[in-house]
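Asks: Turn this into a model:
(chains A and B, ligands or ions: 2)
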Amino acid sequence: MNTVESTAVAATGETKSFKDIVAFIRSELKPKGKIFTPFNIISAPIILLGAFLVVYRLVKGLGAVTNLSQDFPWGIWIGFDVMVGVAFAGGAYVLTFVVYVLRSEKYHSIIRATVLNGLLAYMFYAGAIFLDLGRWWNITNPLFGNKFGANSVLFLIAWHFLLYMIAEFVEFSPAIAEWLGLKNIRKFLGSLTLGAVVVGIALSTLHQSGLGALFMMAKGKIHPLWYTEFIPVLFFVSSIFAGLSMVIFEGSISHRVFSDQIDHEDHASYNGIIIGLSKGCAVAMFVYFFAQLLIFIHGWHWSLLNTPMGYWYLAEMIGLVAIPCFMFLQGARYGNILLIRIAAILTLIGIIINRLNISIIAYKWWIPLSERYIPSWMEIVITLAIIFTEVWAFRWIVNRMPVFRKPPEWAKEKH
Amino acid sequence: MGIDRRTFLKGLGTGVAAAAPAGVAAGSLLLPGKVGAKAAAENREFMGVLVDTTRCVGCRSCEMACADAHNLPMPNGDASVLDKKRDTSETQWTLINRYKTEKGEVFAKKQCMHCNQPGCVAACLVKAMEKKKEGAVTWDDNCMGCRFCMVSCPFDIPKFEYGSAVPKIQKCSLCWEKLQKGEKPTCVEACPAEALTFGTRRELIEEANRRIYRDSGKYISHIYGEHEVGGTGYLYLSSVPFEQIGFRTDLGTIAYPEYSKGFLYSVPIVLLLWPALLVGVSTLTKREGEVRSKEGGEKR
Ligand code: SF4
Ligand code: SF4
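Replies: Ligands and ions are numbered 1, 2, ... in the order given. Here you go, the predicted model:
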């Protein structure tokens, strides 16, 4: 760090010294804004309790806090935190594709918030894996161990998570440089963006589908309406509209909470962005729905429809895929932002249900409810604590770095 | 760091241990008639166990011997435990279940099947689960505790110590330590009814077929594990259809790792083609953008 800074300073004659930067960071660490907001009052105790439970889990073992069993080795920390969290973070690779590869300027104003969200989602939700690992002290074994299960799907995912986090960090790093006022470093980091984007998209394609591929060997354990050899493809396609819906949802909150940071021009173009995203969702969802339909027809599962699991399947496919897809379409056609937002929420619920179905609900569906896995309150509190901490981190960064705000004059990108 | 050194030393240890069977095997060539030793000398064929459920008397000697050999708690010796169908657990690697069938009571042993191509091994990202050349599928303590092996085992065999802060995956190891020395698994040695036979898979399948031919009225003509999930080290003979004695007969004959192969094969392709394609598109769009701005078109 030290040498990098000093060479940068030497090269440019920037006035900032390493000491200045440390002092600056220290001053920025202090909280900004009101402390006793309703959100803080609710989230702070949960985060504290969650932190306590994490320690308890590490000392006492998984059984002390989770309801996992021999029949249900994966609970909500995998099925929700990781599976859903990563799907929701899909907006980052989709939008970087649109902005940096297709070079559509329209979405430029929301790219940083999206990438930041993606990065934090991976750090926190994929980070939940750490808590779920029974032998967490061996977490680095897939990276530097003496034995590699190189043809394990999970091996691939572990590496991809790591590499993707680096790629996303590189994509976001110009904002950090702007915050610290490091001009030359900013320029250098900016030049890395396209490379990081390209690598990031390739990695995303693979690990989004890879999360689905984790269930390939659970054949015979997942209800045939959900188990198909195409789960990886379905996971990938659904991550597109899951990610975009999350961008819509997150945006509708951020635009209220951080509205003072967003300038007029961006506010004005925002509806156009939402409508564009809505079209993207509609197309991806249509492809997804069509694929599901083909798989269903091909699987010849008609008789299964008239069972409780069949109704549940229909509820997911129609209520949480087909209907929101139609709503996105209508919303985009008539410019109805409210309709689009509702569709986004339905879609997000649909993704949650889908991932939970595959990992928990339709998993060993024959086991009676009394012996099934139902998350303990402690698992839920830890999950909530993770979500809240992520939101805190997001807010902290947004209040300091140019995420919604325009970058400083000196960092204007020339297109 | 401490762990690293330990695993390194253990690595050396397994190296030495791997050299040992060769010596043992060479010695055992002088002792003809020992079924296992010959295969160990060739080091090519997987060893396995044939369970003849028509011979099992339900004495549970195998359960006790297994617990004793692996420092597991002694199972309850009372016969009443057979009233309920039990599952192996993190403290019990093998057990006997009693089934009421069309041909009366049948006892069936349960444990890891030691698949030829195990799902658990394909799942493990640190090769803590390994298929040894002797045929045993074993667990090692470089495991991360991700429990992917549990999700991927068609027979739900790996069990996890949820109650421990230093949890292990527990399952039958086919007494791998003994196999390396050319010995039989403990349960096979303990069986008083000769319901368990140890040998190479090939020999066991031959023997199983011989029994079916000789006594076709007694057996159904199906060796469970010959083809199931690509073949397993444990093989079963039965007098009644296998569904009746607690076996899944819907697992198919494809080895479980095959199911994720399609995805894994696509990985290098995506990693090579995707970036090339993306860079290509990006160059195109860039050129387009430049042309447009040169023409003095609308500002982007
Ligand atoms: S039965 Fe399960 S645990 Fe045993 S080798 Fe096969 S996949 Fe692995
Ligand atoms: S729990 Fe351990 S043995 Fe099982 S797949 Fe994970 S790392 Fe491998």
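
Asks: how about low-confidence regions in the stretch 301-415 of chain A?
Replies: The model of the stretch 301-415 of chain A has pLDDT under 70 over residues A:412-415.

Asks: Which single residue in it comes nearest to ligand 1?
Replies: A:K364 (15.4 Å; Cβ to the nearest ligand atom). Where C-beta positions appear, they are placed from N, C-alpha and C, glycine not excepted.

Asks: Could you find the closest non-adjacent residue to the spatially most central residue of chain A?
Replies: Closest to where the C-alpha atoms of chain A average out (Cα atoms, centre = their mean) is A:A89, at 2.2 Å. Leaving aside its sequence neighbours, A:A89 sits nearest to A:A121 (Cβ to Cβ, 6 or more residues apart in numbering or on different chains; 3.6 Å).

Asks: these two touch, right, the one you found and A:V86?
Replies: Yes: between A:A121 and A:V86 there is a contact at 7.1 Å, judged by Cβ atoms under 8 Å.

Asks: returning to that earlier point: phi, psi for the residue of the stretch 301-415 of chain A closest to ligand 1 please.
Replies: phi 50, psi 60 (degrees, to the nearest 10).

Asks: Give me the neighbour count for it.
Replies: 18 (other Cβ atoms under 10 Å in any protein chain shown).

Asks: which residues touch A:F155?
Replies: A:142, A:148-149, B:125-126 (Cβ atoms under 8 Å, 6 or more residues apart in numbering or on different chains).

Asks: which of those residues has the weakest pLDDT?
Replies: Of all these, A:G149 carries the smallest pLDDT score, 83.

Asks: Just list the residues touching the nearest residue in space to B:A128 that is not next to it in sequence, thanks.
Replies: Closest residue to B:A128 apart from its sequence neighbours, by Cβ to Cβ, 6+ apart: B:C143 at 3.6 Å. Counting by Cβ under 8 Å, 6+ apart, B:C143 touches A:134-135, A:138, B:124, B:126, B:128-129, B:168-169.

Asks: same deal with B:L82?
Replies: Per Cβ under 8 Å, 6+ apart, neighbours of B:L82: B:58, B:96-98.

Asks: ok, the residues you listed vs chain A, which is closest?
Replies: Chain A lies nearest to B:N97 out of those, by Cβ to the nearest Cβ, at 16.0 Å.

Asks: quick one: secondary structure of that closest one?
Replies: strand (DSSP: H, G, I helix; E, B strand; the rest coil).

Asks: Extract the residue ranges of chain A that are flagged as low pLDDT.
Replies: Checking chain A against pLDDT under 70 turns up A:1-16, A:412-415.

Asks: Of all residues in it, which one is closest to ligand 1?
Replies: Counting by Cβ to the nearest ligand atom, chain A gets nearest ligand 1 through A:M217, at 8.7 Å.

Asks: That residue contacts B:M150, correct?
Replies: No: using Cβ under 8 Å, A:M217 is not in contact with B:M150; the gap is 10.7 Å.

Asks: Look up phi and psi at B:K131.
Replies: Here B:K131 shows phi and psi, under degrees, to the nearest 10, equal to phi -90, psi 110.

Asks: what's across from it in the sheet?
Replies: Applying DSSP bridges to B:K131 yields these beta-bridge partners: B:V137.

Asks: That one: neighbour count?
Replies: Neighbours around B:K131, by other Cβ under 10 Å: 20.

Asks: Please apply the same query to A:K34.
Replies: So A:K34, with other Cβ under 10 Å, has 7 neighbours.
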